[in-house]
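Undergrad: sequence plus the predicted model coming up.
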Amino acid sequence: MSLLQVRDVQAAYGESQVLFGMGLSLQPGEVMGLLGRNGMGKTTLIRSILGLKSVQSGQVIFDGQDITNVAADRVARMGLAVVPEGRQVFPNLSVDEHLTAFVSNRHQSRTPWTPARVYELFPRLAERRSNMGSQLSGGEQQMLAIGRALVTNPRLMILDEATEGLAPLIREEIWRCLRLLRQEGQTLIVVDKYVNRLVDIADHHVIVERGQVAWAGNSQALKDQRELWTRYLGV
């Protein structure tokens, strides 16, 4: 059974419609690349899945349950977590406080993510565990945002522009993290402009164009059809 199904979802901001019958399906343990130029509806789709944006019509099904327009806090408790664009760390909380405040294992993972495991994944955070969010670099904030999502032990983790604006060395740290999560069977949706890196991690991809699915297929198909990169992604 699919872990996530988005069925013919439409969403708008006032009179401006953004999503026009969006649909996708994700199996447990899969990694999906969600691709498209800026302003095509990717973030609106994510917000619709998470209960942060009201859906006009269509359905969002998670683990067999209809979560369309369910409150975001309830959706989070069901096992969905997001690493948002812009990181959104709390400036007046320390690294340690961020991680300990969000620890949860509602779904009884046998190898749960804990602050200690996050520090092993990102040693740089361990060195700065007493630093406030406002004292971290952009790359460190991104590591913290990922760690904060991981300690909720989500069934589905969504990363929106996880490597955007990061220095190359920090970007490599994030890619290393995503490869590890894939190996551990974490279900992921990843929004990222570095298609050449994402095709080596994701199982399949959905390209969004003007609020609709323009193309969907596996990584090998996307590698083979480089014209899609130019037509829809500007690569």
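TA: Received the coordinates, thanks.

Undergrad: tell me which residues of the longest helix along the chain come out buried.
TA: Determined from DSSP state H, the single longest helix within the chain is helix 168-183. Residues of helix 168-183 classed as buried by neighbour count (16 or more other C-beta atoms under 10 Å): I170, R171, E173, I174, W175, C177, L178, L181, R182. The C-beta positions use only the backbone N, C-alpha and C, and glycine is treated the same way.

Undergrad: right, and the first one touches G139 too?
TA: In this case it means I170. Yes - applying C-beta atoms under 8 Å, one finds I170 in contact with G139, separated by 3.3 Å.

Undergrad: contact partners for L156?
TA: Shown in contact with L156 (C-beta atoms under 8 Å, 6 or more residues apart in numbering): L3, L4, L26, F62, G79, L80, A81, T187, L188, I189.

Undergrad: how about L35?
TA: Counting by C-beta under 8 Å, 6+ apart, L35 has contacts K42, V191, V195, L198, H205, V206, I207, V208, Y232, L233.

Undergrad: how near is R7 to P154?
TA: Counting by C-beta to C-beta, to the nearest Å, the gap from R7 to P154 is 22 Å.

Undergrad: of these two, who's got more company?
TA: Set side by side, R7 and P154 show more neighbours around P154, with 23 against 16, by other C-beta atoms under 10 Å.

Undergrad: quote the end-to-end distance of stretch 199-217.
TA: In stretch 199-217, first residue to last residue: 11 Å (C-alpha to C-alpha, to the nearest Å).

Undergrad: how about that stretch: buried residues?
TA: The neighbour-count check on stretch 199-217 (16+ other C-beta under 10 Å) flags 199, 201-202, 204-209, 211, 213, 215-216 as buried.

Undergrad: hmm, back to that, just the closest of the buried residues of helix 168-183 to A162, please.
TA: Distance to A162 across the buried residues of helix 168-183 (C-beta to C-beta) is lowest for I174, with 5.5 Å.

Undergrad: you'd agree that closest one is up against Q142?
TA: Yes - if you go by C-beta under 8 Å, I174 and Q142 touch, sitting 6.6 Å apart.

Undergrad: quick one: contacts for V103?
TA: Taking C-beta under 8 Å, 6+ apart as the test, what V103 contacts is T114, P115, V151, T152.

Undergrad: which of those tops the neighbour count?
TA: V151 leads those on contacts (other C-beta under 10 Å) with 23 neighbours.

Undergrad: so the residue nearest to L198 when sequence neighbours are not counted is in which element?
TA: Nearest-residue entry for L198: G33, 4.5 Å, with adjacent residues in sequence omitted and distances by C-beta to C-beta, 6 or more residues apart in numbering. Under the criterion of DSSP states H and E, G33 resides in strand 31-35.

Undergrad: average pLDDT across that strand?
TA: Confidence for strand 31-35, expressed as mean pLDDT, is 97.

Undergrad: mind listing what's buried along it?
TA: By 16+ other C-beta under 10 Å, the buried positions in strand 31-35 come out as V31, M32, G33, L34, L35.
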